[in-house]
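Asks: Sequence and predicted structure, then a few things I'm wondering about:
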Amino acid sequence: MAVISVCGIAKSFSIPSVRRETVREHVFGLLRPRRFEELRVLEDISFEVRRGETLGLMGRNGSGKSTLLKIISGIYRADRGRVVVRAPVTPILELGVGWNPELDAIDNIYLLGGVMGLSLAEIRSSIDDILEFADLVRFANLELRHYSSGMAARLAYAVAFHAVRDVLILDEIFAVGDAGFRARCFDRYRELHAAGHTVLLVSHEPYTIANFCQRAILIDGGRVVLDDRADHVSDEYLRRLATAPLSVATPA
Amino acid sequence: MGAANVVLHTPRPSRAVHLAGLVWTLVRTDFKARYHGTLAGFVWALLKPFTMFLVLLGVFSFVFSGDPDYRVNLIVALFLWDFFAEATKVSLTSLLAKGYLINKARFPTWIVVVTSTSNAVITLLVFSVVIVVFLVASGRAPSAGQVALFALYLVHYFLMVVGFGLAASVMFLRYRDLNQVWEVATQAGFFVAPIIYPLDILPERFHWYLYLWPPTLFIQLSRMVLVKGEVPTLRAHVMLAAATALALAAGIAMYRRHAARNAEYL
């Protein structure tokens, strides 16, 4: 049974020739019409993720992988198509950035854990584990503005890994932190996988895809161009990277 | 390794429990970030309208020296105004300010807008207690009915501000200078609302226009109940409820229409 069904997803971003972000610019720009260029990031994406499976997702920079993950996570809305997710999803996306710098690690854990679906009791009982996982016990009461970017990223992954209920969506997870932290992430990932969690994993790293996933899909030009065994897909990814010209998104 | 003792497949807490926890966390951390978690920090929030009160009182009590209620009218209006100015300002930018959370996961983002007003609400509640104590001390203790009516107005006031915040916060993501536009509007609005002057000094035919500016309505109703000790007409209450419902409904409609694309504008 498919836990995630993605059916005919399309997503464009409209890029104006002149960017107007303020009332002032709109008022003064009334007499000067502007053109919109439609950047079609995803044309027609369909695939399914089965229960307990780890599906790899490959594609070059700008191929729309992150956009797709945000649509599946419910953060972006697709222009067309349908996504059905039959289990609670925990996305781990762009986690390095974005904390309240005025608050310490513990309060930030409450905030991030809260939006990721944890109750107060759950956060309270896992705070020590989270800090230990991130190796930040000593800095629990330090405000986030004093954190290095690596420390902040570790904290974010630690929270997200503890918030997982069923489906886990990972964007370039294994590129963060030092060797020790990465080893803990690997271990945690293996635990989740062994416990039967479904994982959708994005990576540029053929090694990661080939090692962690049974199956993978390759996205190019806004479409799924290959849906096959993970090692085949990572080979094809490398082949395309070496030969094909860059054609990530086509302006309509 | 460190995380081996984590429970997998935990039962989900009910949605209400989860959202209540999120609301509490947002309110608590907003308070902490704003006032550094201390009561002394909170005193600053009360100091601002109180200083305004002293300065304005010093100047205008001479102008309106014939009005024995000028002082209490002024302080009621100032605190109500301070809530409006503060809550609308903060809620307008709330989605952008909490963008780092909206980008991370799917959750009901309107909670961010509503809780952003919490500091202003706390200040307003503290003031309300102060004003009632002040009235008791000055020998005109309000009855339970008066206090209840005043509380009813505060609820309406809050809901109207929430309606504004819902609409304004999604628009602010698209028009990033709306906060400056609103700052100018509130600056002018301070003088449109009858805060430093009694509404009666203006010709009657202008009153209707002033009532279009929401703070006027709430200032006048509160003064009537708390200071004059009169009960406004039923018609006034119906209009109040209708205006509040309209503002809230418009805000919700605007929010529902645009919220799904919020993350794209962050």
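Replies: That came through fine.
Asks: contacts, neighbours, all on C-alpha from now
Replies: Fine.
Asks: can you list the weak-confidence ranges in the stretch 51-200 of chain A?
Replies: A:95-97, A:173-175 (pLDDT under 70).
Asks: Helices along that one, start to end?
Replies: Using DSSP state H, counting those that start in this stretch, the helices of the stretch 51-200 of chain A run over A:65-72, A:105-115, A:120-133, A:149-163, A:179-194.
Asks: Pick the most buried one from those helices.
Replies: A comparison of those by mean neighbour count, using mean count of other CA atoms under 10 Å in any protein chain shown, puts helix A:105-115 on top with a mean of 24.
Asks: which residues are contacting that one?
Replies: A:99-100, A:119-120, A:123, A:127, A:139-144, A:155-156, A:159-160, A:163, B:18, B:21-22, B:25-26, B:29, B:101, B:104-107 (CA atoms under 8 Å, 6 or more residues apart in numbering or on different chains).
Asks: Distance to B:Gly66 added to the helices of the stretch 51-200 of chain A, as JSON lines?
Replies: Written out in JSON lines, the entries for the helices of the stretch 51-200 of chain A read as follows (distance: least, CA to CA, whole Å):
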{"stretch": "helix A:65-72", "distance to B:Gly66": "64"}
{"stretch": "helix A:105-115", "distance to B:Gly66": "53"}
{"stretch": "helix A:120-133", "distance to B:Gly66": "56"}
{"stretch": "helix A:149-163", "distance to B:Gly66": "62"}
{"stretch": "helix A:179-194", "distance to B:Gly66": "74"}
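Asks: For B:Leu57, find the nearest of those.
Replies: helix A:105-115 (41.4 Å; CA to CA).
Asks: pull the CA atoms of that closest one into PDB?
Replies: Output in PDB follows, covering the C-alpha atoms of helix A:105-115 (Å, rounded to 0.1, in the frame of the first residue of the first chain):
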ATOM      1  CA  ALA A 105      18.200  26.200  22.700                       C
ATOM      2  CA  ILE A 106      15.500  24.800  25.000                       C
ATOM      3  CA  ASP A 107      12.900  27.400  24.000                       C
ATOM      4  CA  ASN A 108      13.800  27.000  20.300                       C
ATOM      5  CA  ILE A 109      13.300  23.200  20.700                       C
ATOM      6  CA  TYR A 110       9.900  23.900  22.100                       C
ATOM      7  CA  LEU A 111       9.100  26.100  19.100                       C
ATOM      8  CA  LEU A 112      10.400  23.800  16.400                       C
ATOM      9  CA  GLY A 113       9.100  20.700  18.100                       C
ATOM     10  CA  GLY A 114       5.700  22.400  18.500                       C
ATOM     11  CA  VAL A 115       5.300  23.100  14.800                       C
END
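Asks: Off-centre distance for that helix?
Replies: Put simply, helix A:105-115 sits 19 Å off its chain's centre (CA atoms, centre = their mean, to the nearest Å).
Asks: helices and strands of chain B: which one has the lowest mean pLDDT?
Replies: Of all regular secondary-structure elements in chain B, judged by mean pLDDT, DSSP states H and E, the least confident is helix B:39-63 with a mean of 83.
Asks: Could you count how many residues lie near B:Val136?
Replies: Summarising burial for B:Val136: neighbours were counted as other CA atoms under 10 Å in any protein chain shown, giving 13.
Asks: Check which residues of the least confident helix or strand of chain B are buried.
Replies: Under the neighbour-count criterion of 16 or more other CA atoms under 10 Å in any protein chain shown, helix B:39-63 has B:Phe42, B:Ala45, B:Leu46, B:Pro49, B:Phe50, B:Phe53, B:Leu56, B:Leu57, B:Ser61 buried.
Asks: Phi first, then psi, for the residue of the stretch 151-252 of chain A found nearest chain B.
Replies: Sorted by distance to chain B under CA to the nearest CA, the residues of the stretch 151-252 of chain A start with A:Arg165, at 5.5 Å. When quoted as degrees, to the nearest 10, the phi and psi of A:Arg165 stand at phi -110, psi -50.
Asks: And it, how far from A:Val83?
Replies: Summarising the geometry, the distance separating A:Arg165 from A:Val83, computed by CA to CA, to the nearest Å, is 19 Å.
Asks: Please list the residues of the stretch 151-266 of chain B that sit near chain A.
Replies: Counting by CA under 8 Å from any CA of the partner chain, the residues of the stretch 151-266 of chain B close to chain A are B:Arg174, B:Tyr175, B:Arg176, B:Asp177, B:Leu178, B:Ala260, B:Arg261, B:Ala263, B:Glu264.
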